[in-house]
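Peer 1: here you go, sequence then predicted model.
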Amino acid sequence: MLDIKNLHATVDGKEILRGINLHIKPGEVHAIMGPNGSGKSTLSSVLAGNPAYTVTDGEVTFNGKNLLEMAPSDRANEGLFLSFQYPVEIPGVSMSNFLKTALNAKRKYQGKEPLSAAEFLKLMKEKKSIVEIDSKLTNRSVNEGFSGGEKKKNEIFQMAMLEPTLRILDETDSGLDIDALRICASGVTKLKTENNATIVITHYQRLLDYIVPDYIHILYHGRIVMTGTKELALELEEKGYDWIKEQFPD
Amino acid sequence: MNIREQNINIVLTANESRQEVLSFDEQSPAEVNVKVALSDGAHLDVVFLQENVKSSKRCVVRVAQQSNSSLSMSTITLHSVDIKNDVEVRLQGEGAELTLNGLYLTDNAEVVDNRTVVYHEVSHCTTKQLYKGALDGESKASFEGMIIVQPNAQKTNAQQTNRNILISPKAKVHAEPQLVIYADDVKCSHGATTGQLDPVQLFYMQQRGIDEDTARKMLTAAYAAEVVSLIPIEEVRERLTNSLFD
């Protein structure tokens, strides 16, 4: 589904990704861990096509297509979804208008007719229950005045609406209390199918108790320096990142 | 009402209340002079609409407000080729309230100029002014707004805000907000900003599958909606809101 080969990227002229290789198949859950500044969020931004980052080398293939040549909106409509670490407030754009536009853009990309107002409302209602999101929130402007937990639940709600095939969770656990974390994580798990894949970016093992990964990759100084199974997260929790830093001085 | 007369007089007697919608179209005179006189306690909501006007128009408005009168004036200029609005308001009776709002959305080679002057001639009057513009293409706009607080206009409360967004790098805006204060016991503020659409918001929308052009339109509509939401005439407010997000 996703094939990353020797990916290099810079931001403001500084090289942050220095040769990432990653291969992800449908149904898999990959966790990416690593200390601050190792390039985790850069990787998710580059995959989503954030124009603030420049790819300087490497290839990324998504569903057999050259991802790096696609506009950010086409990447999304092809099935890539990024749950933002800091979801963006958009005053004046209502949640329902935003989601309807997004959903119908995807349907158009897939050659389907737009949803009617009634079908859309029905779908919203059905998906709201997955993340226990307050109905009032969907009547407001996108993320405006939402608490940290509400913003993250709203990301998972949007994920439920858009049904992406590649789900990238960028530090979904940051700033969440334990209840909101459980709701978000169980939403992600409920929405898991054998056809979608998940990349979980996190600092902490805690989130991985809920979203159990098949693989854990440790990103350090812009490279994946170690890959293991879920036990690796426990080892990290115990030892911290210092032993990685010592092993890969750079 | 579509404007056909060159001179329009709106005179409200004491405590009279009225709403007026004055729309420009191609058949409107090239120059229109509007005189507004509000007697004590009168209340007027007026909206000037300049939507898709394909020829040059100039709208000159002169207002005199007496004690405790209130005026809400909105000037909405949407994709018209060449518009000049020139508004002067004299607050002549104590307790007069003025809400003076404007919106200009421009594209291509359109030109919109707004000049406003508010004279606070007596004490205890209020002015709230918000003008916003979003400029695309190679369009140009100017905002020259002056509030003059005369020596005996103590306890004046005046706020003036002008915000502009340049959607295209070739669009140009000239903003000149001015406060001239001759009284010492007043609350006055003014400010002008010019910026771009927020790239972080644009990226977020695109990440959800909304193409860049549509995302720009939605953000522009959201930005413009603030001025529209302040229009007290419901029918106009709803129609404009719907057309912004269409």
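Peer 2: Ah, there it is.
Peer 1: and A:M226, what are its bridge partners?
Peer 2: As for beta bridges, A:M226 partners with A:I218 under DSSP bridges.
Peer 1: let me know the helix or strand that the residue of chain B found nearest chain A is in.
Peer 2: Taking Cβ to the nearest Cβ, chain A has its nearest neighbour within chain B at B:A222, 2.8 Å off. C-beta coordinates here come from the backbone N, C-alpha and C atoms, glycine included. Assigned by DSSP states H and E, B:A222 belongs to helix B:212-229.
Peer 1: stretch A:142-154: end-to-end distance?
Peer 2: With Cα to Cα, to the nearest Å as the measure, stretch A:142-154 spans 9 Å from end to end.
Peer 1: ditto for stretch A:131-142
Peer 2: Stretch A:131-142 has an end-to-end distance of 16 Å (criterion: Cα to Cα).
Peer 1: show me what that stretch is in contact with.
Peer 2: Around stretch A:131-142, the neighbours that count as contacts under Cβ atoms under 8 Å, 6 or more residues apart in numbering or on different chains are A:88-96, A:98-99, A:124, A:128, A:146, A:150, A:153-154, A:156-157, A:160, A:183-184, A:187, B:222.
Peer 1: hmm, back to that, could you dump the helix holding B:A222 to PDB, C-alpha only?
Peer 2: The C-alpha trace of helix B:212-229 is given here as PDB (Å, rounded to 0.1, in the frame of the first residue of the first chain):
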ATOM      1  CA  GLU B 212      -6.800  24.400  -2.900                       C
ATOM      2  CA  ASP B 213      -9.100  26.600  -4.900                       C
ATOM      3  CA  THR B 214     -12.200  25.500  -3.000                       C
ATOM      4  CA  ALA B 215     -10.400  25.900   0.300                       C
ATOM      5  CA  ARG B 216      -9.400  29.400  -0.600                       C
ATOM      6  CA  LYS B 217     -13.000  30.300  -1.500                       C
ATOM      7  CA  MET B 218     -14.300  28.800   1.800                       C
ATOM      8  CA  LEU B 219     -11.800  30.700   3.900                       C
ATOM      9  CA  THR B 220     -12.600  33.900   2.100                       C
ATOM     10  CA  ALA B 221     -16.300  33.400   2.600                       C
ATOM     11  CA  ALA B 222     -15.700  32.700   6.300                       C
ATOM     12  CA  TYR B 223     -13.600  35.900   6.600                       C
ATOM     13  CA  ALA B 224     -16.300  37.900   4.800                       C
ATOM     14  CA  ALA B 225     -19.100  36.400   6.700                       C
ATOM     15  CA  GLU B 226     -18.100  38.400   9.800                       C
ATOM     16  CA  VAL B 227     -19.300  41.700   8.200                       C
ATOM     17  CA  VAL B 228     -22.400  40.100   6.700                       C
ATOM     18  CA  SER B 229     -23.400  38.600  10.100                       C
END
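Peer 1: A:S94 versus the residue of chain B closest to chain A, what's the distance?
Peer 2: From B:A222 over to A:S94 the distance is 9 Å, taken as Cβ to Cβ, to the nearest Å.
Peer 1: for whichever helix or strand comes after the helix holding B:A222, packing partners?
Peer 2: Per DSSP H and E, the first helix or strand lying C-terminal to helix B:212-229 is helix B:234-245. Contacts defined by 3 or more Cβ pairs under 8 Å, 6 or more residues apart in numbering or on different chains; DSSP states H and E place helix B:234-245 against helix B:212-229.
Peer 1: buried set for the helix it packs on?
Peer 2: Neighbour-count burial for helix B:212-229 flags B:214-225, B:227-228 (criterion: 16 or more other Cβ atoms under 10 Å in any protein chain shown).
Peer 1: save these as a markdown table, and put in pLDDT too.
Peer 2: As requested, the buried residues of helix B:212-229 are exported to a markdown table (pLDDT from 0 to 100):
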| residue | pLDDT |
| --- | --- |
| B:T214 | 95 |
| B:A215 | 96 |
| B:R216 | 94 |
| B:K217 | 92 |
| B:M218 | 94 |
| B:L219 | 95 |
| B:T220 | 94 |
| B:A221 | 94 |
| B:A222 | 94 |
| B:Y223 | 94 |
| B:A224 | 95 |
| B:A225 | 92 |
| B:V227 | 96 |
| B:V228 | 96 |
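Peer 1: what's the helix or strand for A:C184?
Peer 2: helix A:178-190.
Peer 1: after that helix, which helix or strand is next?
Peer 2: The C-terminal neighbour of helix A:178-190 among helices and strands, as given by DSSP H and E, is strand A:197-201.
Peer 1: next one: that next one, is it in contact with chain B?
Peer 2: No: using Cβ under 8 Å from any Cβ of the partner chain, strand A:197-201 never reaches chain B; the gap is at least 14.4 Å.
Peer 1: was I right to think A:G39 contacts A:I16?
Peer 2: Yes: under the criterion of Cβ atoms under 8 Å, A:G39 makes contact with A:I16 at 4.8 Å.
Peer 1: those two - which one has more neighbours?
Peer 2: Neighbour count, other Cβ atoms under 10 Å in any protein chain shown: between A:G39 and A:I16, A:G39 has more, with 25 against 21.
Peer 1: show me what residue of chain A gets nearest to chain B.
Peer 2: Closest point on chain A to chain B, by Cβ to the nearest Cβ, is A:G92, at 2.8 Å.
Peer 1: one step back: what residues does the helix holding B:A222 touch?
Peer 2: Residues from elsewhere that reach helix B:212-229, judged by Cβ under 8 Å, 6+ apart: A:71-73, A:90-93, A:97-98, A:101, A:105, A:141, B:74, B:76, B:101-103, B:105, B:130-132, B:134, B:136, B:165, B:167, B:197-198, B:201-202, B:205-206, B:210, B:237, B:240-241, B:244-245.
Peer 1: tell me the angle of it relative to helix B:234-245?
Peer 2: Angle of helix B:212-229 versus helix B:234-245, following axes from the mean of the first three to the mean of the last three Cα atoms, to 10 degrees, is 170 degrees.
Peer 1: show the average pLDDT along stretch B:158-177.
Peer 2: Averaged across stretch B:158-177, the pLDDT comes to 96.
Peer 1: which among the contacts of helix B:212-229 end up buried?
Peer 2: A:72-73, A:90-93, A:97-98, A:101, A:105, A:141, B:74, B:76, B:101-103, B:105, B:130-132, B:134, B:136, B:165, B:167, B:197, B:201-202, B:205-206, B:210, B:237, B:240-241, B:244-245.
Peer 1: now, which of the residues you listed lie within helices?
Peer 2: Under the assignment DSSP state H, those contribute A:72-73, A:97-98, A:101, A:105, B:201-202, B:205-206, B:237, B:240-241, B:244-245 to helices.
Peer 1: for chain A, what are the nearby residues on chain B?
Peer 2: So far as Cβ under 8 Å from any Cβ goes, chain B lies against chain A at B:199-201, B:203-212, B:214-215, B:218-219, B:221-223, B:225-226, B:245.
Peer 1: and residue 175, which of the three is it?
Peer 2: In the absence of a named chain, chain A is used. Three-state assignment for A:G175 (DSSP: H, G, I helix; E, B strand; the rest coil): coil.
Peer 1: so who does residue 126 touch?
Peer 2: By default, I'm working from chain A. For A:E126, the contact set (Cβ under 8 Å, 6+ apart) is empty.
Peer 1: please go with chain B instead
Peer 2: With Cβ under 8 Å, 6+ apart, B:T126 has these contacts: B:96-98, B:156-158.
Peer 1: go on, A:E69?
Peer 2: With contact set as Cβ under 8 Å, 6+ apart, A:E69 has no partners.
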